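Student: dropping a prediction and its sequence here:
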Amino acid sequence: MNHFKAKKLTTNWKKTCYLPFTPYERHLPRYNTLNIGNKSISSVRKIKYLGVILDYHLRWSDHANCIVKILRSLIPKFKVYKNIFDIKTLKILYFSLVQSHLTNGIMRFIDVTQKWLIKVMLGKPKLYASNALFNDAQLLDVRQLFFRAIAIFQHKHKIYQDFISHTYNTRQSGVKLKIPKTHWSKKSSLSKS
């Protein structure tokens, strides 16, 4: 609390809680509250932080269920929207209402709901091929959104990869190996000793 006083920060004790992380139930602390000064902070099993739901096992299931619930609630709306708006307006709605949820804590296993929404938006049958669906819609699937987010992060933070290259001809001359940039990877079994 001295740090808070030094920086002139205050704590909202009604909203403050703590979340212990552990892979096993038996490793959870046996107490339910922490006491700081004359205030007590209660323990919780999950918490929403910056729009991402974290549980004490650091599993994504609660967050995924929340996103799927939100996205499924949009399906009936898109059934109505497809009869009102043109494809350009539908894409704008998709980017603002759907893709924003897909990129916040990106997860691979919500792609079924994404495909379902796009099929409704374009009026395609349930068994319409996924590749054709994304080509027709000119949208990115969840995996591609993940890679796009990584590329944007790397570009924004100027994280560029150096590659090992050599002049002699081999069967796998097209394969490039990344040069490790951390001390941890230099100690791995894959690097030179």
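Tutor: Structure received. These numbers come from a predicted model, not from an experiment.

Student: okay, strands next: where are they in this protein?
Tutor: Remark: strands assigned in the chain by DSSP state E are 17-18, 33-36, 39-43, 46-49, 52-55, 163-164, 177-178.

Student: tally of neighbours for the closest residue in space to Ile87 that isn't next to it in sequence?
Tutor: Nearest non-adjacent residue to Ile87, counting by C-beta to C-beta, 6 or more residues apart in numbering: Leu122, 7.7 Å away. Heads up, the C-betas are built off the backbone N, CA and C, glycines and all. As a burial measure, Leu122 scores 16 neighbours (other C-beta atoms under 10 Å).

Student: just the buried positions in stretch 128-136, please.
Tutor: Buried residues in stretch 128-136, counting neighbours by 16 or more other C-beta atoms under 10 Å, are found at Leu133, Phe134.

Student: meant to ask about stretch 54-61
Tutor: Buried, per 16+ other C-beta under 10 Å, within stretch 54-61: Leu54, Asp55, Tyr56, His57, Trp60.

Student: what does stretch 75-90 give?
Tutor: Phe78, Tyr81, Lys82, Leu90.

Student: farthest pair within the residues you listed?
Tutor: Greatest spacing in the buried residues of stretch 75-90, by C-beta to C-beta: Phe78 and Leu90 (7.5 Å).

Student: what is in contact with these two at once?
Tutor: Counting by C-beta atoms under 8 Å, 6 or more residues apart in numbering, the shared contacts of Phe78 and Leu90 are Met121.

Student: what mean pLDDT does whichever helix in the chain runs longest have?
Tutor: For the chain, the longest helix by residue count, based on DSSP state H, is helix 61-84. Across helix 61-84, pLDDT averages out at 92.

Student: which outside residues touch it?
Tutor: With contacts defined as C-beta under 8 Å, 6+ apart, helix 61-84 is touched by 46, 52-55, 90, 93, 97-98, 101-102, 104-105, 107, 109-110, 113-114, 116-117, 120-123.

Student: so how far is it from its chain's centroid?
Tutor: Relative to its chain's centre, helix 61-84 lies at 18 Å (C-alpha atoms, centre = their mean, to the nearest Å).

Student: okay, that helix in CSV with CA atoms only?
Tutor: Provided in CSV are the C-alpha atoms of helix 61-84 (Å, rounded to 0.1, in the frame of the first residue of the first chain):
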residue,chain,number,x,y,z
SER,A,61,-13.5,-22.4,-21.9
ASP,A,62,-15.4,-19.6,-20.0
HIS,A,63,-14.2,-17.0,-22.5
ALA,A,64,-15.0,-19.1,-25.5
ASN,A,65,-18.5,-19.9,-24.1
CYS,A,66,-19.1,-16.2,-23.6
ILE,A,67,-18.0,-15.3,-27.2
VAL,A,68,-20.0,-18.1,-28.7
LYS,A,69,-23.1,-16.9,-26.8
ILE,A,70,-22.6,-13.4,-28.1
LEU,A,71,-22.0,-14.5,-31.7
ARG,A,72,-25.0,-16.9,-31.7
SER,A,73,-27.2,-14.1,-30.5
LEU,A,74,-26.2,-12.2,-33.7
ILE,A,75,-27.3,-15.0,-36.1
PRO,A,76,-31.0,-14.0,-36.0
LYS,A,77,-30.1,-10.4,-36.5
PHE,A,78,-28.0,-11.2,-39.5
LYS,A,79,-30.9,-13.2,-41.0
VAL,A,80,-32.9,-9.9,-40.9
TYR,A,81,-30.0,-7.7,-42.0
LYS,A,82,-29.3,-9.8,-45.2
ASN,A,83,-32.8,-8.8,-46.4
ILE,A,84,-32.3,-5.1,-45.7
